[in-house]
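Asks: Provided below for reference: sequence and predicted model.
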Amino acid sequence: MKNERADQNKTILLYETDGLMTEFDAVVIESGKDEKKGSYVVLDRTAFFPGGGGQQADTGRIQLRDESIHTVGDVYIEGGNVRHSVDTDIPAGEKVRGILDSKIRFLRMQIHGAEHLVSGLIHSTFGYDNAGFHMSDDSAVFDVNGPLSDEDIREIEQRANMIVFENRPVTVSFPTPEEATSIEYRSKLDTYENIRLIEIEGIDVCACCAPHVDSTGRLGVIKITDHEPHRGGMRLTLTAGMSAYDDYAALHDRNARIMEMLSSKRELTDEYVKALYDRMMSLKEENGALKKTLTDTLTESVIDRIGKRESGDVSPEIVFTDCLDPVGLRNLVNECTGAFPGTVCAFLSTEGGFRYIFAVRPENAGTADILSLTADFNKACAGKGGGSAVMTQGTTTADRRDIEAFFLSLKA
Ligand SMILES: [Zn+2]
């Protein structure tokens, strides 16, 4: 389409009418240094998009007549002109060739165009408008101002893909303010000046400043990867084109790893994982019951041992175990202090030593000074920990023999 527009400095904005142009010849019409961004040039024509409409600015290179190639790190609008940040000073009058980082630009156009198509379908089907839009290089997140069911979203997604396969033209137009007032399009702005419309034939017309592909076929497959209710409407995430392919390939690889681990068929991995999950939950239940039995049995044996003490012997009762978990250890200590006026010192084997709990019944806290006992123990047995007058907890790296020796020394 020949309806070229220019910015204030008369740069013809090639990206506005040809989103697929990745190389172009131009002449430098202004050259300068930006305080923050460094050297820049303004060209008589450019295919570099300065960012906008949710889409990031292009990057690429500029080649000079002497064949030297310089990086275009950023493209932005300043004072109404499209400036290209370059890594060297290039004087005005120089003839240059602009070369875009075309792969990333194309991925962005696929995502952006897919968002136009899906938003257009949602608008024409449900009457909802876009309430927010954020784009990254491989996906777009956008909000619509009304609710959608899972079925609605699947149906919209299927229709969007059919429109991709139909390969409908995507065209750009620049209506005059008078013409714009009578055209139905999304994203109507307050002003009708400088309107640029992107039309997906028969589906959607939307005001937008970003470069677009020229037909829906170039968008590639479209997948809505996430959706959730958001402020009375919906927040949707989509991917498209090459990014959708990459996503599919990554999902395929993950599925293949699950297939290998579970020896499952390709289309049955979810059922295999469900069976595995159910088995895990029932084992967890069984494990809980076994732990309870184990704690009860060990507790009984300790209480039995306490019962056989000589009367008046309230020296600490020492318990070693390697088969309880921390909760079981605590339950055991609680049960045993209920049956014993002295201090119960329980040790649970861990990788580098023991986890310990020292405890005493509250009414005996005055006579059994477990805080001092704990401090002495920590000193003698490389322990760490503390607590209250009724319960202390900690860890030790000492071995069982050293721990037993410590408690024997108390009796001496
Ligand atoms: Zn747009």
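Replies: Nice, thanks for sending it over.

Asks: ok, residue 65 - contacts?
Replies: Residues near residue 65 by C-beta atoms under 8 Å, 6 or more residues apart in numbering: 94-96. For the C-beta atoms, the positions are set from N, CA and C on the backbone; glycine is no exception.

Asks: want to throw these into a markdown table with pLDDT?
Replies: Converted to a markdown table, these look like this (pLDDT from 0 to 100):
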| residue | pLDDT |
| --- | --- |
| 94 | 96 |
| 95 | 97 |
| 96 | 98 |
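
Asks: and which of these is nearest to residue 132?
Replies: Taking C-beta to C-beta as the measure, residue 132 lies nearest residue 96 of the contacts of residue 65, at 38.1 Å.

Asks: how much space between the closest one and the ion?
Replies: As for residue 96, its distance to the ion is 29 Å (criterion: C-beta to the ion, to the nearest Å).

Asks: and that residue, that one's in a helix?
Replies: No: in this structure, residue 96 is strand, not part of a helix, as judged by DSSP: H, G, I helix; E, B strand; the rest coil.

Asks: Not counting sequence-adjacent ones, nearest residue to it?
Replies: Closest residue to residue 96 apart from its sequence neighbours, by C-beta to C-beta, 6 or more residues apart in numbering: residue 62 at 5.0 Å.

Asks: Would you tell me what the next helix or strand after the helix or strand that contains that neighbour is?
Replies: Following DSSP states H and E, one finds residue 62 within strand 60-63. Following strand 60-63 in sequence order, the next helix or strand is strand 69-78 (DSSP H and E).

Asks: Now find how far off-centre the following helix or strand past that next one is within its chain.
Replies: Downstream of strand 69-78, the next assigned helix or strand under DSSP H and E is strand 81-86. Centroid displacement of strand 81-86 relative to its chain, using C-alpha atoms, centre = their mean, to the nearest Å, is 33 Å.

Asks: near the ion, which residues of the stretch 101-250 of the chain?
Replies: Neighbours of the ion within the stretch 101-250 of the chain, by C-beta under 5 Å from the ion: residue 208.

Asks: Poorly predicted segments of the stretch 101-250 of the chain, please.
Replies: For the stretch 101-250 of the chain, the stretches with pLDDT under 70 are 188-190.

Asks: and the residue of it nearest the ion?
Replies: Residue nearest to the ion within the stretch 101-250 of the chain (C-beta to the ion): residue 208, separated by 3.1 Å.

Asks: which residues touch that residue?
Replies: Neighbouring residues of residue 208 by C-beta under 8 Å, 6+ apart: 53, 116, 187, 196-198.

Asks: and the angle for the helix or strand hosting residue 31 with strand 69-78?
Replies: Assigned by DSSP H and E, residue 31 belongs to strand 23-34. Interaxial angle of strand 23-34 relative to strand 69-78 (axes from the mean of the first three to the mean of the last three C-alpha atoms, to 10 degrees): 70 degrees.

Asks: May I see the buried residues of strand 23-34?
Replies: Counting neighbours by 16 or more other C-beta atoms under 10 Å, one finds that the buried residues in strand 23-34 are 24, 26, 28-29, 31.

Asks: Find me the pLDDT at residue 365, would you?
Replies: Note on residue 365: pLDDT of 83.

Asks: hang on, it packs against residue 390?
Replies: Yes: using C-beta atoms under 8 Å, residue 365 is in contact with residue 390, at 5.0 Å.

Asks: just to revisit the earlier point, pull up the pairing partners for the very next helix or strand once past the strand holding residue 31, direction included.
Replies: The helix or strand immediately downstream of strand 23-34 is strand 38-43, counting by DSSP H and E. Here strand 38-43 has these sheet partners by DSSP bridges: strand 23-34 (antiparallel), strand 81-86 (antiparallel).
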